[in-house]
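Q: got a predicted model here, sequence first, then my questions.
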Amino acid sequence: MPHTVVTTTTTTTSNAGADGGFCNIAYARSFQGLLKIGQVVTLLIAFLCVHCEQWRYEQSAFRYFEVVTAWFLIVFFFFFLMYLFRLQRKITCINWTLTEFLHYAVGGILVFIASIVVAVKSYGISSFIAGSVFGFMATFLIAFSIWTSYKVTCGSQPTGAVV
């Protein structure tokens with residue numbers, strides 16, 4: 001008497017976390033998401049420290065710091081929202097990885113310069129010193145983000161050649 005064995009395999013896939021849904025909450029909890037949140041928060045604190053004290057001191061150095069921190073605060077918050085709402089998948093005509101890398105490179109340099117200028121012209125005023133310290137912290141976070149972005153984007157590529 002011949003025996004026949006029938007095996008049935010059922011595979012269930014869920015695209016709700018990968019492609020479906022409106023918001024990618026997992027990105028906000030990821031390392032890159034938390035790094036962007038840290039950058040936005042430190043830039044916001046640096047901006048507020050200098051802006052709230054500046055009414056007594058009308059110098060262009062403090063205005064430069066405000067403009068740089070406010071601009072990159074908005075840009076980094078935009079990148080965070082873009083990844084949170086998966087807009088990079090909908091707008092495919094832009095290389096978002098390269099765009100973000102260039103913004104981080106320019107932002108890191110400009111925030112670093114602005115922080116040095118405010119630190120030099122702080123006149124011992126605690127809010128200016130705090131603003132420059134948070135500016136340096138934001139510079140460190142931006143540099144770390146550049147490093148991780150470069151490592152992911154431009155790191156060593158497997159060639160497939162057998163050595």
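A: Sure, I can see it.
Q: can you pull out the low-pLDDT segments for this protein?
A: Across the chain, residues meeting the criterion (pLDDT under 70) sit at 1-2, 5-20, 54-58, 151-163.
Q: how about the helices in it?
A: Using DSSP state H, the helices of the chain run over 25-29, 31-53, 60-84, 87-90, 96-120, 126-154.
Q: export the ones you listed to TSV and tack on distance to residue 3 and mean neighbour count?
A: All C-beta spots, glycine's among them, are computed from the backbone N, C-alpha and C. What follows is those, written out as TSV (distance: least, C-beta to C-beta, whole Å; neighbours: other C-beta atoms under 10 Å):
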stretch	distance to residue 3	mean neighbour count
helix 25-29	47	13
helix 31-53	53	19
helix 60-84	55	19
helix 87-90	50	12
helix 96-120	56	18
helix 126-154	53	18
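Q: in TSV: those helices, plus distance to residue 4.
A: TSV is the format used below for these (distance: least, C-beta to C-beta, whole Å):
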stretch	distance to residue 4
helix 25-29	45
helix 31-53	52
helix 60-84	52
helix 87-90	46
helix 96-120	53
helix 126-154	51
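Q: right, and residue 53 touches residue 129 too?
A: No - Residue 53 is beyond contact range of residue 129, at 10.1 Å (criterion: C-beta atoms under 8 Å).
Q: from residue 66, how far off is the spatially most central residue of the chain?
A: In the chain, the C-alpha nearest the mean C-alpha coordinate belongs to residue 36, at 3.4 Å (C-alpha atoms, centre = their mean). As for residue 36, its distance to residue 66 is 21 Å (criterion: C-beta to C-beta, to the nearest Å).
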